[in-house]
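> The following comprises the amino acid sequence and a computationally predicted model.
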Amino acid sequence: MALWTDLATWRGPTVNSGDGDRNPNEASDRMVEHRGIVLHIAEGYFDGTIAWQKNPTARVSSHFVIAKDGRIAQMVDTDIRSWAQRSGNPTWLSVENEGFVPGGLTAQQIEANARLLVRAHQIYDIPLQIATSPSGRGLGHHSMGAESGVNWGHPQCPGHAIIAQKPEIVSRAQELCGSGSGSGSEPAPVPVPERRRPRWIIEP
Ligand SMILES: [Zn+2]
């Protein structure tokens, strides 16, 4: 089991996961690899999204759901496929963010996404970088499938505002890992004051 209970509250299980035959622990239920995390916008509220993902008729799920206040729910074991981006399900983790297009993420959601990315980096060696297509690795977004001509569904998810926030999530994740690079990480050099000439030296 890969439940990240120190980061997220377990709100699963849901039948909308794995290979869909409701026989757990088969190889066909499991992730093939972990290329990265895909950002989604829930088009809904936190508890409503969780309830919907547990409804068998919905036939959707995500590994995580993040509330606007930063609470994280886990719906699917990270070793098991969620149902969030069709042909990308066996290879990408998924996060639904409470909110509606064209809204952006709150500061708390950015922080929560960064923490999930850090954990994915630590466990699955997912690089702390931006992914822009299903063949990439790192922090992706749902519509990068459609943008690359791949059947991932929902070309409007998560919307431009959230896509524009991906660099912020990645740099926060780098900061949390202590591997940040750029202006924020290096302290500015302290100017060395010119040594004052001691007063007792007599000029020639
Ligand atoms: Zn989506």
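Happy to help now that I have it. Numbers count the residues shown, from 1 in each chain.
> so where's the protein shaky on pLDDT?
1, 179-204 (pLDDT under 70).
> Which helix in it has the most residues?
Secondary structure of the chain read by DSSP state H shows that its longest helix is helix 107-124.
> and that one, what other elements does it pack with?
Contact here means 3 or more C-beta pairs under 8 Å, 6 or more residues apart in numbering; DSSP states H and E; on that basis helix 107-124 packs against strand 36-41, strand 64-66, strand 72-74, strand 92-97, helix 166-177. All C-beta spots, glycine's among them, are computed from the backbone N, C-alpha and C.
> Mind doing that once more with 10 Å?
strand 36-41, strand 64-66, strand 72-74, strand 92-97, strand 138-141, helix 160-163, helix 166-177 (3 or more C-beta pairs under 10 Å, 6 or more residues apart in numbering; DSSP states H and E).
> looking at these, which is closest to residue 9?
Evaluated over these, closeness to residue 9 peaks at strand 72-74, with 5.4 Å, by C-beta to C-beta.
> Can you list the strands that that closest one pairs with?
Paired with strand 72-74 in the same sheet, following DSSP bridges, are strand 9-10 (parallel), strand 64-66 (antiparallel).
> What residues sit buried inside the last one?
The neighbour-count check on strand 64-66 (16 or more other C-beta atoms under 10 Å) flags 64, 65, 66 as buried.
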